[in-house]
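1. Have a look at this fold, sequence not included:
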């Protein structure tokens, strides 16, 4: 036996030594010359070989995680009493849900999709908002994510009824539906608002996809200067969007014409002049002369000297007076040298591009149409077209273009006005704020804002359109001081007639009803005199109108308006008591009472 072990040890040493020497003298071909198994040689690519006869069967035990014991501290033999330590619902210790990856295919996390807003262009139904049922059932339509490091605080809020205020003259809503991102430190603060205001979406199992939409984006930031002064700046924009266009085609801030707005060429343009102060019945709009300027673009194919075919754009500008294109004028009082519209009188002008007398550029080539008017006195000018209609009647809707400053009646404001026609596509506001606190006992708040409204001339032959805009200013200054038992408050403000915080929103089909505020208006500053969660008026995708009793109109505390005592939920009555045909000695109109307008 000892001899046998010695021979085995000698053979192993020899084999090892011989192997080293052989390896130095021979090339290792690996499996390129085949692999021999038994008496057969095979040539398939293989990895490390395994001798199956050497595998021994083994039993492996799998233990289920003891969740009740490890996470909840529950022991089977102990008495359970939930008077102090309340019962906890079982939650799986494993991360559940779907797998999510980034654009490069790297794994991010595992979970559930709760909210998703995306916009892809160019494609049909490119704007998508997806609020899953978990957004409503699990989170009650409010999701908040926050982070904090040192003095820096960050919060992201997604909800359907977020109380949001930037400044009192620009954006204040009791129930904002969208995304709000906030940052705040000891010196700086920043708020970002985002929403698809035309259709913010409902929590359901399918996404809300649309081609035409109206999106809103807003910023407001402040910085602290010293101990008493804070300066802020803001920008808010709402614009129509059409996902059939290229992503970076045109200016996104001015908006784009929807499919419904750009469906047909403009065939008629209407201008209406009226008295801006009709109650005095004199000194109204005075129209001296008029004209129209038409700009067109035509693509022309030319051949160069080298024989190459190139396409050039030819631009042409034509005046209506040059080609005999005059408007049809209706109304007005003929005065010496001008037409007048005093009191209820109106001057209506119609430029008909489909009239046989029109010999100007083709409708498909018109880029811009500008109206020139020489006017004076107290005028109010509105414009419309056969593409600016109400729904479903299809009647032209006039929108204000220009108003006179003050009630001028002596012709001293005589001037030439150039008005570009277009359909509304968006509006924005930019401004700044100044707040001073506790300086010699005084508090100061000042705000200046400038609003701009954009419009574009529709023509389905072009993907980009001529843009026109008008602007308006507004400001306010508040000064206050408290010195018990006295207080001081002073305010001054100014607001131009066309300063606005209302956006026209597009329907999924791209049509806009310019006369229906309920379905086509989005208010940046809601009418909410009673300061509750529901606006006082009714708007699309908002909770309202507020049917609760207006503050101060329920002095007898019976939860029924003092001005409509015979109204209840079982037998509603929408006629106030002072309008009904019976005597009510203690009911008077609200305008005769002081202090009812809470804002």
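-> Ah, there it is. On a predicted model such as this, the values are computed, not experimentally measured, just so you know. Numbering: from 1, shown residues only.
2. which residue packs closest to residue 284, ignoring adjacent ones?
-> residue 275 (3.0 Å; Cβ to Cβ, 6 or more residues apart in numbering). For glycine as for every other residue, the C-beta is placed from the backbone atoms N, C-alpha and C.
3. Oh, that last question was meant for residue 366, not what I typed.
-> Among residues not flanking residue 366 along the chain, residue 296 sits closest, at 5.1 Å (Cβ to Cβ, 6+ apart).
4. Would you mind confirming that that neighbour makes contact with residue 363?
-> No - counting by Cβ atoms under 8 Å, residue 296 does not reach residue 363; the two are 9.3 Å apart.
5. neighbour count winner among the two?
-> When residue 296 and residue 363 are compared for neighbours, residue 296 comes out ahead with 20 against 17, by other Cβ atoms under 10 Å.
6. what does the model give that one for pLDDT?
-> Residue 296 is assigned 95 on the pLDDT scale.
7. any idea which helix or strand carries it?
-> Using DSSP states H and E, residue 296 sits in strand 285-303.
8. Same question for that strand: list its buried residues.
-> 285-287, 290-297 (16 or more other Cβ atoms under 10 Å).
9. Now residue 277: closest residue in space, sequence neighbours ignored.
-> residue 407 (4.9 Å).
10. check which helix or strand covers residue 274.
-> Secondary structure from DSSP H and E places residue 274 in strand 268-275.
11. Just list what that strand packs against, helices and strands only.
-> Contacts defined by 3 or more Cβ pairs under 8 Å, 6 or more residues apart in numbering; DSSP states H and E place strand 268-275 against strand 285-303, strand 338-341, strand 346-352, strand 366-376, strand 379-385.
12. rerun at 7 Å
-> Helices and strands touching strand 268-275, by 3 or more Cβ pairs under 7 Å, 6 or more residues apart in numbering; DSSP states H and E, are strand 285-303, strand 338-341, strand 346-352, strand 379-385.
13. Show me the strands in the stretch 301-450 of the chain, by range?
-> 309-319, 328-331, 333-335, 338-341, 346-352, 366-376, 379-385, 399-403, 415-420, 423-439, 442-456 (DSSP state E, counting those that start in this stretch).
14. Would you single out the least confident of those strands?
-> strand 309-319 (a mean of 89).
15. Describe which strands that one pairs with in its sheet and in which direction.
-> Sheet pairing for strand 309-319, assigned by DSSP bridges, gives strand 285-303 (antiparallel).
16. Now find how far off-centre the partner strand is within its chain.
-> Distance, stretch centre to chain centre, for strand 285-303: 34 Å (Cα atoms, centre = their mean, to the nearest Å).
17. the inter-axis angle of it versus strand 415-420?
-> Orientation of strand 285-303 against strand 415-420 (axes from the mean of the first three to the mean of the last three Cα atoms, to 10 degrees) gives an angle of 50 degrees.
18. Strand 285-303 versus strand 268-275: what angle between them?
-> Interaxial angle of strand 285-303 relative to strand 268-275 (the same axes, to 10 degrees): 160 degrees.
19. From here on, call the first residue 306.
-> Right, with 306 as the first residue, what we last looked at is strand 590-608.
20. show me what contacts the residue nearest to residue 589?
-> Contact analysis of residue 580 by Cβ atoms under 7 Å, 6 or more residues apart in numbering lists 589-590, 646-648, 683, 685.
21. got a list of what the closest residue to residue 515 other than its chain neighbours touches?
-> Nearest non-adjacent residue to residue 515, counting by Cβ to Cβ, 6+ apart: residue 813, 4.8 Å away. Residues in contact with residue 813 (Cβ under 7 Å, 6+ apart) are 504, 515, 517.
22. Might one say that the last one is in contact with residue 816?
-> Right, residue 517. No - the pair residue 517 / residue 816 is not scored as a contact, 8.6 Å apart, by Cβ atoms under 7 Å.
23. between the two, which one's more packed in?
-> Between residue 517 and residue 816, residue 517 has the larger neighbour count (other Cβ under 10 Å), namely 27 against 17.
24. you'd agree residue 551 is in a helix?
-> No - with DSSP: H, G, I helix; E, B strand; the rest coil as the criterion, residue 551 is assigned coil and is not in a helix.
25. Report the separation between the closest residue to it other than its chain neighbours and residue 552.
-> Spatial nearest neighbour of residue 551, chain neighbours left out: residue 427 (5.5 Å); criterion: Cβ to Cβ, 6+ apart. Applying Cβ to Cβ, to the nearest Å, the value for residue 427 to residue 552 is 7 Å.
26. now do residue 770
-> Applying Cβ to Cβ, the value for residue 770 to residue 552 is 17 Å.
27. Same question for residue 738.
-> Distance from residue 738 to residue 552, by Cβ to Cβ: 33 Å.
28. Over to residue 496?
-> Following Cβ to Cβ, the distance that separates residue 496 from residue 552 is 26 Å.
29. For the closest residue to residue 444 other than its chain neighbours, which residues are in contact?
-> Closest residue to residue 444 apart from its sequence neighbours, by Cβ to Cβ, 6+ apart: residue 419 at 6.9 Å. Under the criterion of Cβ under 7 Å, 6+ apart, the neighbours of residue 419 are 437, 439-440, 444, 448.
30. One more: residue 760?
-> Neighbouring residues of residue 760 by Cβ under 7 Å, 6+ apart: 727-730, 773.
31. again, but for residue 566
-> The neighbourhood of residue 566, defined by Cβ under 7 Å, 6+ apart, consists of 692, 728, 763, 815, 817.
32. I figured the first one hits residue 726, correct?
-> Think residue 692. No - assessed by Cβ under 7 Å, residue 692 is found out of contact with residue 726, at 9.8 Å.
33. out of the two, which sits in the busier spot?
-> Between residue 692 and residue 726, residue 726 has the larger neighbour count (other Cβ under 10 Å), namely 26 against 22.
34. Distance check, that one against residue 487.
-> Distance from residue 726 to residue 487, by Cβ to Cβ: 41 Å.
35. repeat for residue 735
-> Distance from residue 735 to residue 487, by Cβ to Cβ: 20 Å.
36. residue nearest the centroid of this structure?
-> Centroid-nearest residue in the chain: residue 521, 2.1 Å away (criterion: Cα atoms, centre = their mean).
37. nearest spatial neighbour of it, skipping sequence neighbours?
-> residue 543 (4.4 Å).
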